[in-house]
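In: I'll drop the sequence and a predicted model, then ask my questions.
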Amino acid sequence: MVNKMEDKNIKGEVQSEQPKDTTVQYVNRVYRYIKNGMAIEEFMAKFHISLNELNGILELCKLYGKNVEVVEKNGVQVFSKMINRIAVNNKFALNPNNLIHTEICVVSDTHFGNIHQQLHLLNQIYQEAFNRGITTVLHCGDMVDGNYPNRPEQPRQQFLHGFDEQVGYVVDMYPEVRGITTKYILGSHDETHYKNGQATVNQWVSRCRKDMEYLGQDYGSLDINGVKIFMDHPGGGSAASVSYKPQKRIEILESSYKPKILLIGHYHKSYAFVYRNVRGIAVPCFCDKTQFQQKQGLSNAVGAYFLSIYSDTKGNIQYFEPEEVLFKPSDMWEEAGKDRNKVKKLVIK
Ligand SMILES: [Fe+2]
Ligand SMILES: [Fe+2]
């Protein structure tokens with residue numbers, strides 16, 4: 001069956017290197033080919049497979065953390081990819097009374113100072129987090145847009161230039177919500193200020209904002225109700241595949257050092273998966289597609305995740321539900337300056 005699919009030449013996702021695990025590669029290709037609302041008849045006819053074979057493919061997708069199901073729509077059996085529920089081990093032995101329930105929100109790549117920033121959408125997410133009673137929001141880096149001396153086109157793409165303007169903006173404008181602590185790491189764009197003049201974003205953000213706690217440059221770890229969580233902001237470019245680079249981040253973790261959850265910023269992609277028993281999330285951003293991404297042909301996802309975690313007393317996750325919130329292009333404010341001029345700081349006292 002696998003060969004049958006590959007013979008039909010579904011477009012490969014990974015352009016440069018090949019993952020070692022060919023099953024992962026295969027599942028990624030299938031998952032990418034399947035579109036929301038696509039009739040299963042169309043899929044089966046295209047690849048000459050039976051219903052049983054299709055069920056096998058769907059099982060394989062589930063095993064690798066891909067959320068695709070078949071639902072009925074207007075009397076037609078179609079694929080649905082938007083169900084973000086991943087049940088993990090001991091599903092049938094679950095007793096919710098013995099489990100600790102944790103809810104957190106995860107955001108990333110706000111790129112404050114870039115004309116494509118979307119602070120008004122970040123405010124919506126913090127308002128929703130407050131409504132849900134969430135007390136921890138994690139930010140996976142690239143808080144500000146930074147300053148790359150080797151990108152002469154960058155100043156035109158920014159309404160805030162340099163360290164003082166960008167970090168002052170975070171201090172003044174980042175949502176400040178009663179009961180919520182934002183724990184953050186810094187990313188590649190934040191670090192440019194250090195490289196340019198040893199100015200550290202966290203020094204001023206956390207000194208001025210007691211609700212913002214710094215966890216590290218590029219990387220931070222924390223423990224919430226015994227569940228080990230890593231936050232990661234890699235460097236380098238993005239792969240054409242949504243899943244490839246995040247999975248590579250898990251591959252390099254040593255077995256004894258692995259967290260239960262790995263949250264990855266930097267890629268401006270949205271993707272939830274389970275790999276090597278780590279729940280991985282590629283966290284989307286709060287910046288509309290930039291000129292740089294447009295030129296490089298990179299996709300861009302704007303949104304956040306709400307994570308619902310049920311863990312035991314040893315910090316093992318028994319049930320994990322990553323809820324993806326993605327904004328549509330129509331939610332984005334494209335006009336340069338609109339986000340800066342019209343958005344007020346979200347303050348909930
Ligand atoms: Fe970024
Ligand atoms: Fe980055």
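Out: Looks like it came in fine. Residues are numbered from 1 along each chain as shown. Ligands and ions are numbered 1, 2, ... in the order given.

In: what parts of this protein come near ligand 1?
Out: Within the chain, the residues that sit near ligand 1 (Cβ under 5 Å from the ion) are 109, 142. Yep, even glycine has a C-beta here, placed from its N, CA and C like the rest.

In: report how many residues lie close to whichever residue of the stretch 51-200 of the chain sits closest to ligand 2.
Out: Of all residues in the stretch 51-200 of the chain, the one sitting closest to ligand 2 is residue 188 (3.7 Å; Cβ to the ion). Using other Cβ atoms under 10 Å as the criterion, residue 188 is surrounded by 20 other residues.

In: leaving out chain neighbours, which residue sits closest to it?
Out: Spatial nearest neighbour of residue 188, excluding adjacent residues (Cβ to Cβ, 6 or more residues apart in numbering): residue 235 at 5.2 Å.

In: what's the helix or strand for the one you found?
Out: Counting by DSSP states H and E, no helix or strand carries residue 235.

In: what about the helices in this structure?
Out: Here the chain has its helices, by DSSP state H, at 2-7, 22-33, 40-47, 51-63, 119-131, 162-173, 188-197, 201-208, 244-251, 291-296, 338-342.

In: what average pLDDT does the last one get?
Out: Right, the one you point to is helix 338-342. What helix 338-342 shows for mean pLDDT is 86.

In: how about the second one?
Out: Here helix 22-33 scores 78 as its mean pLDDT.

In: enumerate every residue touching residue 38.
Out: Going by Cβ atoms under 8 Å, 6 or more residues apart in numbering, residue 38 touches 78-79.

In: can you check residue 120 too?
Out: Counting by Cβ under 8 Å, 6+ apart, residue 120 has contacts 333, 339, 342-343.

In: so which of those residues is the most crowded?
Out: That'd be residue 339 among the contacts of residue 120, by other Cβ under 10 Å, with 25 neighbours.

In: wait, doesn't that residue sit right on residue 288?
Out: No - contact criterion Cβ atoms under 8 Å: residue 339 and residue 288 do not qualify, at 9.3 Å.

In: what sits in contact with each of those two?
Out: 118, 333.

In: from residue 133, how far off is the residue nearest to residue 100 when sequence neighbours are not counted?
Out: Closest residue to residue 100 apart from its sequence neighbours, by Cβ to Cβ, 6+ apart: residue 225 at 4.8 Å. Applying Cβ to Cβ, to the nearest Å, the value for residue 225 to residue 133 is 15 Å.

In: the two: who's more crowded?
Out: More crowded of residue 225 and residue 133, by other Cβ under 10 Å: residue 225, with 12 against 9.

In: that one contacts residue 311, correct?
Out: Yes - counting by Cβ under 8 Å, residue 225 touches residue 311, with 6.2 Å between them.

In: so what sits against both of the two?
Out: 100, 102.

In: contacts only, for residue 134.
Out: Residue 134 touches 103-105, 180, 306, counting by Cβ under 8 Å, 6+ apart.

In: OK, contacts around residue 70?
Out: Contacts of residue 70 by Cβ under 8 Å, 6+ apart are 40, 58, 77-80.

In: what bridges to it?
Out: residue 79 (DSSP bridges).

In: now the contacts of residue 120 in CSV, with distance to residue 47?
Out: Shown next, in CSV, are the contacts of residue 120 (distance: Cβ to Cβ, whole Å):
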residue, distance to residue 47
333, 42
339, 45
342, 49
343, 48
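
In: in TSV: these, plus distance to ligand 2.
Out: As requested, these are exported to TSV (distance: Cβ to the ion, whole Å):
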residue	distance to ligand 2
333	22
339	20
342	27
343	23
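
In: closest to residue 262 out of those residues?
Out: residue 339 (30.0 Å; Cβ to Cβ).

In: any figure for the gap between the closest one and residue 300?
Out: Between residue 339 and residue 300 the distance is 16 Å, computed by Cβ to Cβ.

In: pretty sure residue 153 contacts residue 294?
Out: No - using Cβ under 8 Å, residue 153 makes no contact with residue 294, being 11.7 Å away.
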